[in-house]
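**Q** Below are the sequence and a predicted model; questions follow.
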Number of protein chains: 2
Amino acid sequence: MLISTKGRYALRVMIDLAEHQGDAFVPLKETADRQDISEKYLEGILKILVQHGLLTGVRGKGGGYRLTRRPESYTVGEILRLTEDTLAPVACLEENAKPCRRMSYCRTLPLWQELNTRIAGYLDGVTVADLMRRGEDGNDYVI
Amino acid sequence: MLISTKGRYALRVMIDLAEHQGDAFVPLKETADRQDISEKYLEGILKILVQHGLLTGVRGKGGGYRLTRRPESYTVGEILRLTEDTLAPVACLEENAKPCRRMSYCRTLPLWQELNTRIAGYLDGVTVADLMRRGEDGNDYVI
DNA sequence: CAATTACCTACTTATCTGATATGTTTATGG
DNA sequence: CCATAAACATATCAGATAAGTAGGTAATTG
């Protein structure tokens, strides 16, 4: 499992907010209901997105969450990197992995590196705006 | 983390056996030493590979393990699918995942499906023979 | 001031990972 | 035929992670 519920939920929330934007701030409860996700669990996820500036959160009556940028400017990779611990397919390629002695001659390292590149390349090439378009004509982001 | 040590070790063992083949059976202890992997832990991994016919295991003095086919006939995907629980990047795409109600309209499903296809496609396109060739001229399996 | 809503901290429960320990069976060489 | 080498089998375990729950605090508005 490369992507946990945390990352999947984060993506769905971003899409939800993008789709219900314009009419000011969207309270978490609304999104949680629509997406059928536990409110309390979602809170933790949205906190991360706010802290990193992807969303604005406003408290009190009339408050809620809102995107800070246009949907086409958020890549899937950007969102997942915040909510997932890592997107690396193997431990050796993680951020803070302890350097592996076998690196210089490991027969499998190039395999993992290429896999990593392909995964990151794909996820960085799809935007939230792309994900909104399911069912529309000419939707080919999956290709 | 898509691939755990189990899968990574399995791959390294297959390569190790491929490289030390011909001189009959290779005892687990040898491979474990060369690859710096716990003997006991490796046993469990090799058992799986034997049970599925990728390796032959022979007991007693002079025994050990041997590939049953030529290195170029084993794909990385084939090996990893045996040793990893799943290669699916998200829970919804696992073998025995309970069918998701949101499937027909889920905005993110196509994203995961395409990611899954790309990962599987890459891993099924690389063989054990390819992995042996690191450092050789014209080695371009990572491209 | 009351209601709403985001924000914060801590806990829980189940599952998975990466092993270790302790044997049993099978084959070979002396 | 017995000691040794080796695969095969089963159980257990400690630590980490995932997914979610609980309970409370702070800010904003009508």
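**A** Sure, I can see it. Numbering: from 1, shown residues only, chains lettered A, B, ... in the order given.

**Q** As a check, name the ranges of all strands in chain A.
**A** Using DSSP state E, the strands of chain A run over A:55-58, A:64-67.

**Q** Can you get me a residue count around the residue of chain A found nearest DNA strand C?
**A** Scanning chain A for the residue nearest DNA strand C gives residue A:57, at 2.8 Å (criterion: C-beta to the nearest atom of the strand). The C-beta positions use only the backbone N, C-alpha and C, and glycine is treated the same way. Residue neighbour count, defined by other C-beta atoms under 10 Å in any protein chain shown, stands at 15 for residue A:57.

**Q** Residue A:81 too?
**A** The number of residues packed around residue A:81, counting by other C-beta under 10 Å, is 18.

**Q** The one 5 residues further on now?
**A** By other C-beta under 10 Å, the residues close to residue A:86 number 16.

**Q** again, but for residue A:42
**A** As a burial measure, residue A:42 scores 21 neighbours (other C-beta under 10 Å).

**Q** still on that earlier bit, out of the strands of chain A, which one sits most buried?
**A** Of all these, strand A:64-67 carries the top mean neighbour count, a mean of 20, counting by mean count of other C-beta atoms under 10 Å in any protein chain shown.

**Q** measure the residue of chain A positioned farthest from its centre to chain B for me?
**A** Relative to the C-alpha centroid of chain A, counting by C-alpha atoms, centre = their mean, residue A:105 is the outermost residue, at 34.2 Å. Distance of residue A:105 to chain B, computed by C-beta to the nearest C-beta, to the nearest Å: 8 Å.

**Q** One more: residue A:130?
**A** In this view, residue A:130 and chain B are 8 Å apart by C-beta to the nearest C-beta.

**Q** Go through the strands of chain A and name the closest to residue B:35.
**A** Closest approach to residue B:35 among the strands of chain A (C-beta to C-beta): strand A:55-58, 46.1 Å.

**Q** Check the offset of that closest one from the chain's centre.
**A** Relative to its chain's centre, strand A:55-58 lies at 17 Å (C-alpha atoms, centre = their mean, to the nearest Å).

**Q** How about that strand and DNA strand D, any contact?
**A** Yes - contact of strand A:55-58 with DNA strand D (C-beta under 7 Å from any atom of the strand) involves residue A:58.

**Q** Tell me the strands beside that strand, with direction?
**A** According to DSSP bridges, strand A:55-58 forms sheet pairs with strand A:64-67 (antiparallel).

**Q** from the middle of its chain, how far away would stretch A:91-98 be?
**A** Here stretch A:91-98 is found 20 Å from its chain centre; the criterion is C-alpha atoms, centre = their mean.

**Q** Next: stretch A:28-43.
**A** That offset, for stretch A:28-43, works out to 16 Å (C-alpha atoms, centre = their mean).

**Q** List the buried residues of it.
**A** By 16 or more other C-beta atoms under 10 Å in any protein chain shown, the buried positions in stretch A:28-43 come out as A:28, A:31-32, A:37, A:42.

**Q** Mind telling me the two of those farthest from one another?
**A** Farthest apart among the buried residues of stretch A:28-43 - using C-beta to C-beta - are A:28 and A:37, which lie 9.7 Å from each other.

**Q** For the residue of chain A closest to DNA strand C, report the pLDDT, please.
**A** What the model reports as pLDDT for residue A:57 is 97.

**Q** same thing with residue A:138?
**A** As predicted, residue A:138 sits at a pLDDT of 52.

**Q** And for residue A:97?
**A** For residue A:97, pLDDT reads 86.

**Q** try residue A:19
**A** 95.

**Q** Relative to residue A:128, how far out is it?
**A** 10 Å (C-beta to C-beta, to the nearest Å).

**Q** can you give me the helices in chain A?
**A** Using DSSP state H, the helices found in chain A span residues A:5-19, A:28-35, A:39-51, A:76-83, A:109-123, A:128-132.

**Q** Nearest to residue B:92, out of these?
**A** Going by C-beta to C-beta, the one of those nearest residue B:92 is helix A:5-19, 8.1 Å.

**Q** Show me what that closest one is packed against.
**A** For helix A:5-19, the elements it packs on are helix A:28-35, helix A:39-51, strand A:64-67, helix A:76-83, helix A:128-132, judged by 3 or more C-beta pairs under 8 Å, 6 or more residues apart in numbering or on different chains; DSSP states H and E.
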